[in-house]
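In: take a look and give me a structure for this.
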Amino acid sequence: MDESGDSRRPRSGPDGSDPDAAPHDGKPQPPEEPGGGILMGRPFGVPVYVAPSWFVVAALITWVFGGQLDRVLPELGGARYLVSLFFAVAFYASVLVHELAHTVAALRFKLPVRRIQLQFFGGVSEIEKESDTPGREFVLAFVGPLLSLVLAGLFYLGMQAVEPGTVPGVLLAGLMISNLIVAVFNLLPGLPLDGGRMLRAVVWKISGKPMTGTIAAAWVGRALAVAVLIGLPMLTHTGALGNATEDIGGMETVTDALLAAILAAIIWTGAGNSLRVARLREHLPELRARSLTRRAVPVEAATPLSEALRRANEAGARALVVVDGQGDPVAVVREAAIVSVPEHRRPWVAVSTLAQDLNDGMRISAELAGEALLDRLKATPATEYLVVEETGEIYGVLSTSDVERAFVQAMARPS
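Out: Residues are numbered from 1 along each chain as shown. Predicted coordinates:
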């Protein structure tokens, strides 16, 4: 399944996702994020991880498919579980191909991909940025199910070349059916599925507003979640999926209901996350460095804190910048450090002892706004930043707390 919006992140398999590692281009790569799982490789420069939950589902597939093999090929004996394990690995290799389709399309559109992760209910390609046109959004979502359909067709052709009722025949049939299910499921028109992103792109194209498309596709996704919760147990209980009703027992009913509840929860949660991510992106342009910057006064390193605060009060400023003898900024006085100094001690404390030396990452342009501003702050974590004009002139000091407060206020306003 695929999540829309941010982050992020197309997914395949019946799991739901989002919509983040940029392809290797010769530049230094950011450190790997913890919790990604086992690194399996870097196709197209994008790291592929296998989450620990994959081993749980691999064991489950091995057990279930092994039971089916026992009915079809009883002569295999205990070896059926080795065949089943091979099927589980081959199925998730198909899921990886689905995700690589999303990844290649994203890289083709110059959208950085943070990583691919194979997990319990499928896979996820974490795409960092949103498509800038509805056409690209549609293509980016559609290529995953398309590749799954192509794989289903290839496995069908492979079935024609082998004897039915043999191990290769059963494996190819299982892979054909599983890829067909992945493709059809992901084409359902609700977020966070691929089909939901396609619906979002269509509504976006018609309305001209990406948020309108997200709202429509998210609510269809929630309707799908309810349909899965109610409909899946009913289909299996009535035998509509081809199972004999006399073989349905109490445990099968409980298992079907549990599976339906898990899938419904994933779809419902993914749809809600897509809405939240869309709202976040809609409000990001409201975050502008120029409007959030505090006015600052320059002071020399040896200036007592009490004197520096007096000058700031007279100028109506709320920040202090330490400058050298030529008037060039060298450090920013930390607000938390000022608060920690008792008032009676301030005449004997030099501002240099409370300042953080400036590095290139702590100098930001007053013109930065939205996602570019947040990316710059994320690249160099600090409590205060020096904001400068394009000419290099000091504009003021940007506090991280001010950005966080403005972000919360923006998110609280209705879309």
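
In: what mean pLDDT would you report for the strand or helix carrying residue 260?
Out: Element membership of residue 260, judged by DSSP states H and E, is helix 250-283. The average pLDDT for helix 250-283 rounds to 79.

In: in that helix, what's buried?
Out: 256, 260, 262-264, 266-275, 277-283 (16 or more other CB atoms under 10 Å). To be clear about C-beta, it is placed using only N, CA and C from the backbone, and glycine gets the same treatment.

In: can you map out the helices along the chain?
Out: Counting by DSSP state H, the chain has these helices, from start to end: 52-72, 80-108, 134-160, 167-186, 194-207, 210-238, 250-283, 289-292, 305-315, 335-340, 370-379, 400-412.

In: residue 388 is nearest to which of those?
Out: helix 289-292 (10.0 Å; CB to CB).

In: list the buried residues for that closest one?
Out: 289, 292.

In: quick revisit: wait, which of the helices of the chain is closest to residue 325?
Out: Distance to residue 325, taken as CB to CB, is lowest for helix 305-315 among the helices of the chain, at 16.6 Å.

In: helices and strands around that closest one, which ones?
Out: Counting contacts by 3 or more CB pairs under 8 Å, 6 or more residues apart in numbering; DSSP states H and E, the secondary-structure elements packed against helix 305-315 are strand 296-300, strand 319-323.

In: got TSV for those, with mean neighbour count, distance to residue 67 and mean pLDDT too?
Out: Written out in TSV, the entries for the helices and strands packed on helix 305-315 read as follows (neighbours: other CB atoms under 10 Å; distance: least, CB to CB, whole Å; pLDDT from 0 to 100):
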stretch	mean neighbour count	distance to residue 67	mean pLDDT
strand 296-300	20	70	95
strand 319-323	23	68	95
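
In: just the helices of the chain: most buried one?
Out: helix 194-207 (a mean of 24; mean count of other CB atoms under 10 Å).

In: so that helix versus helix 167-186, what angle?
Out: If you take axes from the mean of the first three to the mean of the last three CA atoms, to 10 degrees, helix 194-207 sits at 30 degrees to helix 167-186.

In: ok, now which ones touch residue 355?
Out: The neighbourhood of residue 355, defined by CB atoms under 8 Å, 6 or more residues apart in numbering, consists of 301, 320, 322, 331, 332, 333, 334, 337.

In: reformat the residues you listed as JSON lines; add distance to residue 384.
Out: Listed next are those as JSON lines, based on distance: CB to CB, whole Å:
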{"residue": "301", "distance to residue 384": "16"}
{"residue": "320", "distance to residue 384": "10"}
{"residue": "322", "distance to residue 384": "12"}
{"residue": "331", "distance to residue 384": "10"}
{"residue": "332", "distance to residue 384": "5"}
{"residue": "333", "distance to residue 384": "8"}
{"residue": "334", "distance to residue 384": "6"}
{"residue": "337", "distance to residue 384": "10"}
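
In: nearest to residue 412, of these?
Out: Of all the contacts of residue 355, the one sitting nearest residue 412 is residue 334; the distance, using CB to CB, is 28.0 Å.

In: these two touch, right, that closest one and residue 351?
Out: No: with contact defined as CB atoms under 8 Å, residue 334 does not count as touching residue 351 (10.1 Å).

In: more neighbours: the two, which one.
Out: Set side by side, residue 334 and residue 351 give different neighbour counts by other CB atoms under 10 Å, the larger being at residue 351 (25 against 18).

In: if I look at the more buried one, how far off is residue 345?
Out: In this structure, residue 351 and residue 345 are 13 Å apart, going by CB to CB, to the nearest Å.

In: and if you look at residue 410?
Out: 38 Å.

In: where does the protein have low pLDDT?
Out: Residues of the chain that meet the criterion pLDDT under 70 lie in 1-36, 236-253, 255, 413-415.

In: one more pass at 50, please.
Out: Of all residues in the chain, those with pLDDT under 50 make up the ranges 1-34, 243-245, 247-249.

In: got JSON lines for the helices and strands packed on helix 305-315, with distance to residue 372 too?
Out: Conversion of the helices and strands packed on helix 305-315 to JSON lines gives the following (distance: least, CB to CB, whole Å):
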{"stretch": "strand 296-300", "distance to residue 372": "22"}
{"stretch": "strand 319-323", "distance to residue 372": "22"}
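
In: so which of the ones you listed is nearest residue 194?
Out: Comparing these against residue 194 with CB to CB, the closest turns out to be strand 319-323 (47.7 Å).

In: name every strand pairing with the closest one and say which way it goes.
Out: With DSSP bridges as the test, strand 319-323 is paired with strand 296-300 (parallel), strand 329-333 (antiparallel).

In: which among these is found nearest to residue 88?
Out: For those, proximity to residue 88 was assessed by CB to CB; strand 329-333 is nearest, at 54.7 Å.

In: give me the residues contacting that closest one.
Out: Outside strand 329-333, the residues that touch it by CB under 8 Å, 6+ apart are 298-299, 301, 308, 319-324, 351-352, 354-358, 362, 384-386, 394, 397.

In: do the same with stretch 136-143
Out: With contacts defined as CB under 8 Å, 6+ apart, stretch 136-143 is touched by 2, 4, 10, 101-102, 104-106, 109, 111, 127, 130-131, 194-198, 200-202, 204.

In: go on, stretch 195-203?
Out: When contacts are taken as CB under 8 Å, 6+ apart, the neighbours of stretch 195-203 outside the stretch itself are 2, 4, 10, 131, 134-135, 137-138, 140-142, 145, 186-191, 210, 212-214, 216-218, 220-221, 271, 274.
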